[in-house]
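A.B. asks: Fold the following.
(4 chains)
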Number of protein chains: 2
Amino acid sequence: MPGGRPRAFDADTALDRALEVFWRQGYEGTSLTDLTTAMGINKPSLYAAFGNKEELFGAVLARYLEGPGGYAAAALDAPTADEVVRLLIHGAIELTAGHGGSRGCLCVKSVHAGGPDSEPVRRNAVAVRKAGEAALRKRLEQADDLPPGYTAAELAALVHTISDGIAVQAAAGRTRTELSRVADTALRALLG
Amino acid sequence: MPGGRPRAFDADTALDRALEVFWRQGYEGTSLTDLTTAMGINKPSLYAAFGNKEELFGAVLARYLEGPGGYAAAALDAPTADEVVRLLIHGAIELTAGHGGSRGCLCVKSVHAGGPDSEPVRRNAVAVRKAGEAALRKRLEQADDLPPGYTAAELAALVHTISDGIAVQAAAGRTRTELSRVADTALRALLG
DNA sequence: CTAGTTTCATACCGTTCGGTACATAACTGG
DNA sequence: CCAGTTATGTACCGAACGGTATGAAACTAG
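C.D. replies: Next up is the predicted model:
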């Protein structure tokens, strides 16, 4: 029965444009005008398609996790615990050292959105992070080749922490080359 | 010749109130109303005493570095390189695990202020971070008891990165106890 | 007490914020 | 062609933003 005027933009590519902006400027630093300009649509179209700024960010974060951040889930499939850790650290560098104009990790940035209105966004990011570390811990718990001297929980928390540190360093302007040196040092200390 | 009406507030305690708010909500998440309310003064008083929001943040950041963040400079006076690193990591936990309502590190938060207007603030935070790591590197370069397997630059960068990671973890809600476990694991891996 | 100086509180400035009403345009089914 | 539905562009909403003009209040020097 229905039909209606077809939308003049592709929702997925618009979401990718929104991801670029949020990734570069953070949730609080991004205005609706920034978004509509980057997405090439008007505000009513944005609201009809994505709800509001907060819901749009939710969709963007989900896309971030299965797109640029997808390496993290993939890394868990590596054969050895050792390799899982290496893939996670090196993946963090590739992710954060510079995608276009964006430096750092969208999820880490979102955790630092401190305004009262941004609390739902912050909680969302925290939940995503917790789930990610839980998945890593479970992967390590089931490993029979854990690096000596760690429990699965300890290693998962430490790897997560170092990954966060890399994201901050990247956001503060460290180059991919410098980050690689830091990662090599860390992996040498962690895994020998 | 002069005299003038005396100000009805103490500038230092007002600065401390501003620090609390900025630390909790970040630069972009804090409005002038938030600030004047917490400081107990009106906007014209704020502008007369501190310039504008951006300059006030500069003063706040400086106060943060020599107050709550002062442990970092103090740690460099420890007798051994080993002890310097331990003091930095444990200090980072005390700093970030919860001062009043604030979690995380003001400097790390400020690096993630991504809006166009906040760029001076971001640059300021980046400069402070760079200077801090340079001081640590110099301290380690002059040490004759460097932990084996690292250059001074490598160890400084890695310790800085782990410290950043701790700040993110704290901002994401990890408790002081959990952070201590992460730190113990990290120090064991780093220093044996 | 007066003149000069500085801070105070109030009220306001233009701009931008996130979000929406409304009329029109483009489509589908009958 | 017409009725119904959905998307579009424009123009607008009240609220909050960072920042300021203004006049009274509180002090010091003479």
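
A.B. asks: Could you check how far the residue of chain A found nearest DNA strand D is from residue A:170?
C.D. replies: Closest contact between chain A and DNA strand D, by C-beta to the nearest atom of the strand, is at residue A:4 (2.1 Å). Using the backbone N, CA and C atoms, a C-beta is placed for each residue, glycine as well. Distance from residue A:4 to residue A:170, counting by C-beta to C-beta, to the nearest Å: 44 Å.

A.B. asks: what about those two, which has more around it?
C.D. replies: Neighbour comparison, residue A:4 and residue A:170: the larger count goes to residue A:170, with 24 against 5 (by other C-beta atoms under 10 Å in any protein chain shown).

A.B. asks: check contacts around that one.
C.D. replies: When contacts are counted by C-beta atoms under 8 Å, 6 or more residues apart in numbering or on different chains, residue A:170 touches A:93, A:96-98, A:103-105, A:179.

A.B. asks: Have a look at the residues you listed and tell me the least confident one.
C.D. replies: On pLDDT alone, residue A:98 ranks lowest of those, at 87.

A.B. asks: packing partners for the strand or helix carrying residue A:84?
C.D. replies: Following DSSP states H and E, one finds residue A:84 within helix A:81-96. Counting contacts by 3 or more C-beta pairs under 8 Å, 6 or more residues apart in numbering or on different chains; DSSP states H and E, helix A:81-96 packs against helix A:70-75, helix A:119-141, helix A:152-171, helix A:176-191.

A.B. asks: Take those and write them to CSV, including distance to DNA strand D.
C.D. replies: Formatted as CSV, these follow (distance: least, C-beta to the nearest atom of the strand, whole Å):
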stretch, distance to DNA strand D
helix A:70-75, 28
helix A:119-141, 14
helix A:152-171, 22
helix A:176-191, 33
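
A.B. asks: what about the ones you listed, which gets the closest to DNA strand C?
C.D. replies: Across the helices and strands packed on helix A:81-96, closest to DNA strand C is helix A:119-141 (C-beta to the nearest atom of the strand), at 10.7 Å.

A.B. asks: And the closest one, what's buried?
C.D. replies: Buried positions in helix A:119-141, judged by neighbour count with 16 or more other C-beta atoms under 10 Å in any protein chain shown: A:121-122, A:124-126, A:128-129, A:132-133, A:136-137, A:139-140.

A.B. asks: What's the local residue count around residue A:192?
C.D. replies: Neighbour number of residue A:192 under other C-beta under 10 Å is 10.

A.B. asks: pretty sure it contacts residue A:150?
C.D. replies: No - if you go by C-beta atoms under 8 Å, residue A:192 and residue A:150 don't touch, sitting 11.8 Å apart.

A.B. asks: By proximity to DNA strand C, which residue of chain A wins?
C.D. replies: For chain A, C-beta to the nearest atom of the strand, closest residue to DNA strand C: residue A:3, 1.7 Å.

A.B. asks: how near is that residue to residue A:11?
C.D. replies: 18 Å.

A.B. asks: of those two, who's got more company?
C.D. replies: Set residue A:3 next to residue A:11 and count neighbours by other C-beta under 10 Å: residue A:11 wins out with 14 against 5.

A.B. asks: residue contacts, the residue lying closest to that one once chain neighbours are set aside?
C.D. replies: Nearest residue to residue A:11, sequence neighbours excluded (C-beta to C-beta, 6 or more residues apart in numbering or on different chains): residue A:49, at 5.7 Å. Contact analysis of residue A:49 by C-beta under 8 Å, 6+ apart lists A:7, A:11, A:14, A:41.

A.B. asks: related to what we said a few turns ago, looking at the buried residues of helix A:119-141, which one is closest to residue B:78?
C.D. replies: Ranked by distance to residue B:78 (C-beta to C-beta), those are led by residue A:133 at 31.8 Å.

A.B. asks: Can you give me the pLDDT of the closest residue to the closest one other than its chain neighbours?
C.D. replies: Closest residue in space to residue A:133, ignoring its immediate chain neighbours: residue A:160 at 4.8 Å, by C-beta to C-beta, 6+ apart. Per-residue confidence (pLDDT) for residue A:160: 99.

A.B. asks: got a list of what residue A:160 touches?
C.D. replies: Contacts of residue A:160 by C-beta under 8 Å, 6+ apart are A:129, A:132-133, A:136, B:165, B:169.

A.B. asks: Pipe those into JSON lines and attach distance to DNA strand C and pLDDT per row.
C.D. replies: Output for these, formatted as JSON lines (distance: C-beta to the nearest atom of the strand, whole Å; pLDDT from 0 to 100):
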{"residue": "A:129", "distance to DNA strand C": "24", "pLDDT": "98"}
{"residue": "A:132", "distance to DNA strand C": "27", "pLDDT": "98"}
{"residue": "A:133", "distance to DNA strand C": "30", "pLDDT": "98"}
{"residue": "A:136", "distance to DNA strand C": "34", "pLDDT": "98"}
{"residue": "B:165", "distance to DNA strand C": "29", "pLDDT": "99"}
{"residue": "B:169", "distance to DNA strand C": "28", "pLDDT": "98"}
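
A.B. asks: number of nearby residues for the nearest residue to residue A:105 once chain neighbours are set aside?
C.D. replies: The shortest distance from residue A:105 to any non-neighbouring residue, by C-beta to C-beta, 6+ apart, is to residue A:167 (3.8 Å). Around residue A:167 there are 28 other residues, counting by other C-beta under 10 Å.
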